[in-house]
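Asker: Sequence and predicted model, in that order:
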Amino acid sequence: MISPLYIRSARAISAQESFASNDLSKEIRSITGNRFVYIEPNYQQYFTIMQLRRMSRLTRIGLVTAIECLKDAGISQPEAILTGTGKGSLHDTEKFMHAIREFQEGTLNPSPFIQSTYNSLNGLIGLHHQVNSYNTTYVHSGFSLEHAMLDAALLFGDNTIGNALIGAFEEMTDEHYIIKEKLGFWKNGAVSGEGCFFFYAEKDKNGSALAIEDIKLWFEPEENQIRQGLEELLSSHQIDWNDIDVFISGRNNDKRYDHYYNLVADKLPSSTHHIHFKHLSGEFDTAAGFGIWAAARMAEMKRIFPSLLLKEGSRDNIKHILFYNQYYGKQHVVYLMKTTA
């Protein structure tokens with residue numbers, strides 16, 4: 001059991017119109033081919049032309065998302081900045097590697113290397129908001145965002161900090177898409193995606209609408225381990241399957257992994273709402289961030305986004321939310337959430 005994370009504000013840049021309105025009420029964007037791509041905001045509202053020239057695509061997107069998340073919370077300086085990413089800035093990484101080959105390891109432009117490091121976005125957010133406190137990036141594939149969340153919970157638990165900016169960011173390049181396609185990532189119904197998500201979390205309830213009460217992780221588990229772990233999780237919070245009002249699953253249309261989600265769905269009553277999100281975001285290391293953003297916004301708006309419904313239940317009052325996601329059968333995570341408003 002962890003110290004709860006009370007989500008006071010949440011922002012997302014994704015392949016949907018999720019940023020400007022901060023919901024999913026607009027017309028849903030259909031996919032072109034087998035790949036979802038960011039809808040980028042108008043950067044001129046935030047940066048000068050000279051600033052934009054020095055920033056990569058991912059740092060622009062990440063900084064804008066963080067700026068709006070903190071603005072929504074009415075906060076200028078969080079006590080910690082914690083992020084997770086599976087790949088970081090792939091564009092800058094590839095650009096630097098191609099330059100090494102082109103110039104035969106001679107004199108190189110350092111900017112792509114600097115911006116390709118996983119913590120470059122964290123540093124930029126810290127500089128922009130003049131935050132010189134705890135600042136960490138986790139790079140653990142499908143567990144990246146979860147480690148950032150757990151770190152914040154630990155810091156809350158020992159009273160080191162009272163609030164934190166928590167985020168996740170991912171981008172997909174043409175080259176990396178082809179590599180993953182050849183490895184079979186997109187041959188079984190899954191769709192490639194990318195996204196950037198930030199959450200302002202506090203130790204105390206204050207004005208939050210959603211609390212992340214617990215997080216459970218498994219690496220390459222057997223199904224019995226997942227079943228037992230879920231039973232223990234619910235029992236530790238003195239609730240049972242009948243108390244779950246909404247089940248959020250990370251189904252990505254890859255039939256090889258449906259049985260994981262089915263073992264959870266089969267335990268739930270018919271009155272529970274079942275929703276999913278990867279048909280709108282695509283699949284990537286930190287895609288869970290899109291689902292958590294949607295949960296936070298739905299809790300605040302007190303309604304379920306119709307575009308996310310997989311199976312409509314009959315619950316009017318939404319209190320307990322169970323979120324289960326897995327990344328290609330290796331990293332499995334469960335979030336237990338509760339609405340507070």
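Answerer: Arrived safely, thanks for sending.

Asker: buried stuff in the strand or helix carrying A296?
Answerer: If you go by DSSP states H and E, A296 is part of helix 288-301. Judged by neighbour count (16 or more other Cβ atoms under 10 Å), helix 288-301 contains these buried residues: 288-300. C-beta here means a position set from N, CA and C on the backbone, and glycine is covered the same way.

Asker: now could you export just the CA positions of that helix as PDB?
Answerer: Extracted in PDB, the C-alpha atoms of helix 288-301 (Å, rounded to 0.1, in the frame of the first residue of the first chain):
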ATOM      1  CA  ALA A 288      -1.000   4.300 -19.600                       C
ATOM      2  CA  GLY A 289      -0.600   8.000 -19.100                       C
ATOM      3  CA  PHE A 290      -3.500   8.600 -21.600                       C
ATOM      4  CA  GLY A 291      -5.700   6.300 -19.600                       C
ATOM      5  CA  ILE A 292      -4.800   8.000 -16.300                       C
ATOM      6  CA  TRP A 293      -5.400  11.500 -17.800                       C
ATOM      7  CA  ALA A 294      -8.800  10.300 -19.100                       C
ATOM      8  CA  ALA A 295      -9.700   8.900 -15.600                       C
ATOM      9  CA  ALA A 296      -8.700  12.200 -13.900                       C
ATOM     10  CA  ARG A 297     -10.700  14.300 -16.300                       C
ATOM     11  CA  MET A 298     -13.800  12.000 -16.100                       C
ATOM     12  CA  ALA A 299     -13.600  12.100 -12.300                       C
ATOM     13  CA  GLU A 300     -13.500  15.900 -12.400                       C
ATOM     14  CA  MET A 301     -16.300  16.200 -15.000                       C
END
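
Asker: Can you tell me the strand partners of the very next helix or strand once past that helix and which way each runs?
Answerer: Sequence-wise, the next helix or strand downstream of helix 288-301 (DSSP H and E) is strand 309-311. Its sheet considered, strand 309-311 pairs with strand 273-276 (antiparallel) by DSSP bridges.

Asker: can you list contacts of the partner strand?
Answerer: Strand 273-276 is contacted by residues 245-251, 265, 268, 294, 304-305, 308-313, 315, 318 when judged by Cβ atoms under 8 Å, 6 or more residues apart in numbering.

Asker: Please enumerate the helices of the chain.
Answerer: Using DSSP state H, the helices of the chain run over 49-53, 57-73, 90-102, 110-116, 120-129, 144-157, 174-182, 223-236, 258-265, 278-281, 288-301.

Asker: looking just at contacts, which helices and strands does the longest one meet?
Answerer: Counting contacts by 3 or more Cβ pairs under 8 Å, 6 or more residues apart in numbering; DSSP states H and E, helix 57-73 is packed against strand 5-13, helix 90-102, helix 120-129, strand 163-170, strand 195-202.

Asker: ok, of the ones you listed, where does mean pLDDT dip lowest?
Answerer: In terms of average pLDDT, helix 90-102 trails the rest of those, at a mean of 72.

Asker: Just the endpoints, please. Distance across stretch 282-295?
Answerer: 17 Å (Cα to Cα, to the nearest Å).

Asker: Can you name the residues that contact the closest residue to L150 other than its chain neighbours?
Answerer: Distances taken as Cβ to Cβ, 6 or more residues apart in numbering put I215 closest to L150, at 6.0 Å, once the chain neighbours are dropped. The neighbours of I215, taking Cβ under 8 Å, 6+ apart as the test, are I2, E146, M149, L150, A153, V333, V334, Y335, L336.

Asker: pretty sure the fifth one is touching Y6, no?
Answerer: Going back to what we said before, that points to A153. No. When contacts are counted by Cβ atoms under 8 Å, A153 is not listed as touching Y6 (10.9 Å).

Asker: per-residue confidence at the spatially most central residue of the chain?
Answerer: Nearest to the geometric centre of the chain sits G289, at 1.5 Å (Cα atoms, centre = their mean). Per-residue confidence (pLDDT) for G289: 98.

Asker: Can you name the residues that contact it?
Answerer: If a contact means Cβ under 8 Å, 6+ apart, then G289 has A12, L145, G167, A168, G195, C196, F197 as its contacts.

Asker: and those, which two are the farthest apart?
Answerer: Across the contacts of G289, the longest distance by Cβ to Cβ is 12.4 Å; it joins A12 and L145.

Asker: quick one, which of the two is more surrounded?
Answerer: Shown here are A12 and L145; by other Cβ atoms under 10 Å, L145 has more neighbours (31 against 27).

Asker: who's in contact with the more buried one?
Answerer: Shown in contact with L145 (Cβ under 8 Å, 6+ apart): G84, Y138, I166, A168, F197, T286, A288, G289, I292.

Asker: Look up how far I31 lies from it.
Answerer: The gap separating L145 from I31 is 23 Å, by Cβ to Cβ, to the nearest Å.

Asker: Tell me the confidence at the closest residue to L121 other than its chain neighbours?
Answerer: Of all residues not flanking L121 in the chain, G62 sits nearest, at 4.3 Å (Cβ to Cβ, 6+ apart). Reported pLDDT at G62 in the predicted model: 96.

Asker: Give the burial count for G62, as a bare number.
Answerer: When neighbours are counted by other Cβ under 10 Å, G62 comes out with 28.

Asker: I61 too?
Answerer: I61 is flanked by 23 other residues according to other Cβ under 10 Å.

Asker: now do G33
Answerer: Look at G33: counted by other Cβ under 10 Å, it has 10 neighbours.
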